[in-house]
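Asks: please work out how this folds:
(2 chains)
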Amino acid sequence: MDIVVENITKRYGQQRAVDNVSFQVKTGEILGFLGPNGAGKSTTMKAITCYLSPNEGDIKVGGVSIHDNPETIKMNIGYLPESNPLYTDMPVIDYLKFIAELHGIEKSKTKDRIREMVDICGLEGEKHKKIAELSKGYRQRVGLAQALIHDPQVLVLDEPTTGLDPNQIIEIRELIRKIGKEKTVLLSSHILAEVEATCDRILIINKGKIVADGTAGDLRKKAQGREILKVGIENGNFNEVFKALQGINTVEIVDFISKSGNTFEVQSKVGESSKRAVFQTCVDNGWFLTELTPTETKLEDIFRELTAN
Amino acid sequence: MNQIWIIAKRELNSFFDSLLAYIMIIAFLGFTGFFTWLYGRGDVFFRAEASMDAFFGVAYWTLFFFIPALTMKLVAEEKSSGTLELILTKPVSDWQFVSGKFLSILLLILISLVLTLPYYITISSIGPIDHGAVWTGYLGTILMSAAYISIGIFASSLSSNQIVSFLLALFIGIFFHLLFSMIAQSFSGLLGDVLDWLSISSHYQSVVRGVVDSKDIIFFISIVVLGLFGAEAVLVRRNLSDN
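Replies: Numbers count the residues shown, from 1 in each chain, chains lettered A, B, ... in the order given. The predicted model follows:
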């Protein structure tokens, strides 16, 4: 079941929270929705889940428009809202039963589904406790369980791993990846590592507009453009080495990092790689190559570059 | 209908879990019982006749104050805790949500009223009682309660603060309960008639007196529908741009 977002705009008063945003999520794809706080991630998710309707534009989930038939869309979506609101006065089991009833799950299957969710989300020890008594991490699991209970085709998760400890984060990520193989998943986060670890594709949004769209690799390539190598060379005269490196015809700029250790930063021309040439130069001159490391542009840098002004 | 029932059931359970329902029922039975049997002036023994008038007179005022206390949290709490977003992104429409809330309190009131049936049984064993008047009295009380529940839900949808919702419900309610009929007395002609028609007390009195007129029923149902539509409209308003 695809999600197709077509030119949606959502205004709050004068401010445009989401400004003419379009994108698609295909079945079996996990899309990471990335952006600083207040970028419009949650608003877009609220529009997809039919809580808010956009001022302009249309969203189709499985070909059904949010304007025509929101009830059908709601049946097919599992949604974990941002602050994970729950009826805290209810015990976990009762709460899950309530949600299952709302989704129209048959009575005979409800028990099995709840047991399955309790298993998957690791709620066995807490299932009879009131939600108010649970820690934040367990509440988050209850939130996930309620989103998954009706086995939805589309999963919309707004910051699913906030409040979890590292072990739980890994578990939840694995769970999301497992689910994402057959279903359509849209998850938002402001943690880059998380999106990179979980998602097939990344969408970066800032001030209501999409500023980047692609896989983690794509984004890196786009921002990087050129190869940067950290090169360490011993046994050679510093100036000679410097000149020889600059003489390589794929090299654009050579910069030295430390004079004593003879380490250099070699930046290649756009689209070229200088690794082989650097190695060959060392061999030809009888120098000892101690380091040849490609410096990767971090996603953090891309993110900062795209979202800061 | 199913969704409405599921929401009403959850709400009713939470009332009983939080003791609020028990407190309300005990207080209601206590108040009405005291004024029906023990107060001295106006109670059954003072009147020396087998009638439930004393009970309905007290219930009229007790429910007026109790119902806003029950309805104040219905929407306001869901708004402030964010569960409104959770529930409305399930396959539940705004209308089903509002109606489910309405149904839950109506059921709670019905339970309270069923528990007052022993009064009726006891009084009817003391002397000859007008059975018809008792049943229309109950009918009038239920209709009046429905109207105030609806007003209460509307008030609750306007704010995310429960106290504000409570006071707002009382403020709107007092017009229907008392003020319209009072003001109507000082106006003659059309304005007086309109105000008198708007007054819940005059419709209530005519039903309780044993005259079940379709006009009265239509009046109460219109208040219920208006209140619920109002609450739904307030919920839908989250979609408007200048909000």
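
Asks: up against chain A, what does chain B have?
Replies: B:2-3, B:6-7, B:10, B:13-14, B:17-18, B:81-93, B:238-239, B:241-243 (CB under 8 Å from any CB of the partner chain). Bear in mind the C-beta positions are built from the backbone N, C-alpha and C, glycine included.

Asks: try it again at 6 Å.
Replies: Contact residues (CB under 6 Å from any CB of the partner chain) of chain B with chain A: B:6, B:10, B:14, B:81-83, B:85-86, B:88-91, B:239, B:241-242.

Asks: ok, the closest residue to chain A within chain B - contacts?
Replies: Per CB to the nearest CB, residue B:82 is where chain B lies closest to chain A, at 3.4 Å. Residue B:82 is in contact with A:83, A:85, counting by CB atoms under 6 Å, 6 or more residues apart in numbering or on different chains.

Asks: which one is the residue nearest the centre of chain A nearest to, not counting chain neighbours?
Replies: In chain A, the residue lying closest to the centroid (CA atoms, centre = their mean) is residue A:195, at 2.4 Å. Distances taken as CB to CB, 6 or more residues apart in numbering or on different chains place residue A:32 nearest to residue A:195, at 3.4 Å, with adjacent residues excluded.

Asks: doesn't that neighbour fall inside a strand?
Replies: Yes - under DSSP: H, G, I helix; E, B strand; the rest coil, residue A:32 falls within a strand.

Asks: surely it meets residue A:200?
Replies: No - Residue A:32 is beyond contact range of residue A:200, at 8.3 Å (criterion: CB atoms under 6 Å).

Asks: what about those two, which has more around it?
Replies: Counting neighbours by other CB atoms under 10 Å in any protein chain shown for residue A:32 and for residue A:200 shows that residue A:32 has the greater number, 23 against 16.

Asks: please identify which helix or strand holds the residue nearest to the centre of chain A.
Replies: helix A:192-198 (DSSP states H and E).

Asks: tell me where chain A has helices.
Replies: Under the criterion DSSP state H, chain A contains helices at A:41-48, A:70-76, A:92-102, A:107-120, A:136-148, A:166-180, A:192-198, A:216-224, A:238-247, A:275-285, A:299-307.

Asks: the fifth one to helix A:166-180, inter-axis angle?
Replies: Orientation check (axes from the mean of the first three to the mean of the last three CA atoms, to 10 degrees): helix A:136-148 against helix A:166-180 gives 10 degrees.

Asks: return the list of helices and strands in contact with helix A:136-148.
Replies: Here helix A:136-148 touches strand A:77-80, going by 3 or more CB pairs under 6 Å, 6 or more residues apart in numbering or on different chains; DSSP states H and E.

Asks: tally of neighbours for the residue in chain A that chain B sits nearest to?
Replies: Using CB to the nearest CB, residue A:85 is the residue of chain A that sits closest to chain B, at 3.4 Å. Close neighbours of residue A:85, defined as other CB under 10 Å, add up to 19.

Asks: just give the nearest non-adjacent residue to it, would you?
Replies: residue B:82 (3.4 Å).

Asks: now swap in residue A:269 and tell me
Replies: Using CB to CB, 6+ apart and skipping the chain neighbours, the partner closest in space to residue A:269 is residue A:252 (4.7 Å).

Asks: contacts only, for residue 43.
Replies: I went with chain A, as the question did not name one. A:10, A:17-18.

Asks: wait, chain B was what I had in mind.
Replies: Counting by CB under 6 Å, 6+ apart, residue B:43 has contacts B:36-37, B:54.

Asks: what packs against the helix or strand of chain B with the lowest mean pLDDT?
Replies: Least confident helix or strand of chain B, by mean pLDDT, DSSP states H and E, is helix B:44-47 with a mean of 76. Helices and strands touching helix B:44-47, by 3+ CB pairs under 6 Å, 6+ apart: there are none.

Asks: burial count for the nearest residue to residue A:92 once chain neighbours are set aside?
Replies: Nearest non-adjacent residue to residue A:92, counting by CB to CB, 6+ apart: residue A:127, 4.8 Å away. The local packing of residue A:127 (other CB under 10 Å) involves 18 other residues.

Asks: just residue B:173 next, same as before
Replies: Neighbours around residue B:173, by other CB under 10 Å: 21.

Asks: and residue A:116, by the same measure?
Replies: Neighbours around residue A:116, by other CB under 10 Å: 15.

Asks: identify the residues contacting it.
Replies: Contact partners of residue A:116, counting by CB under 6 Å, 6+ apart, are absent.

Asks: check residue B:206 too.
Replies: Shown in contact with residue B:206 (CB under 6 Å, 6+ apart): residue B:216.

Asks: how is it assigned, secondary-structure-wise?
Replies: Judged by three-state DSSP, the three-state class of residue B:206 is helix.

Asks: any idea how far it is from residue B:216?
Replies: According to CB to CB, to the nearest Å, residue B:206 and residue B:216 sit 6 Å apart.

Asks: so for the residue nearest the centre of chain B, what's the nearest residue that isn't a sequence neighbour?
Replies: With distances taken as CA atoms, centre = their mean, residue B:145 lies nearest the centre of chain B, 2.2 Å away. Nearest non-adjacent residue to residue B:145, counting by CB to CB, 6+ apart: residue B:109, 4.6 Å away.

Asks: count of neighbours near residue B:229?
Replies: 14.

Asks: and chain A, what are its domains?
Replies: A:3-214, A:225-298 (automatic domain parsing).

Asks: what about the chain, any weak spots by pLDDT?
Replies: Went with chain A since none was named. For chain A, the stretches with pLDDT under 70 are A:222-226, A:259-261, A:296-301, A:309.

Asks: wait, chain B was what I had in mind.
Replies: Low-confidence segments of chain B (pLDDT under 70): B:1, B:239-243.

Asks: where do the strands of it begin and end?
Replies: All residues of chain B lie outside strands when identified by DSSP state E.

Asks: the residue nearest to residue A:269 - how many residues pack around it?
Replies: 16.

Asks: do residue B:114 as well
Replies: Residues contacting residue B:114 under the criterion other CB under 10 Å number 10.

Asks: roughly how far does it sit from residue B:69?
Replies: 20 Å.

Asks: do residue B:76 as well
Replies: Separation of residue B:76 from residue B:69 (CB to CB): 12 Å.

Asks: cool, thanks, talk later.
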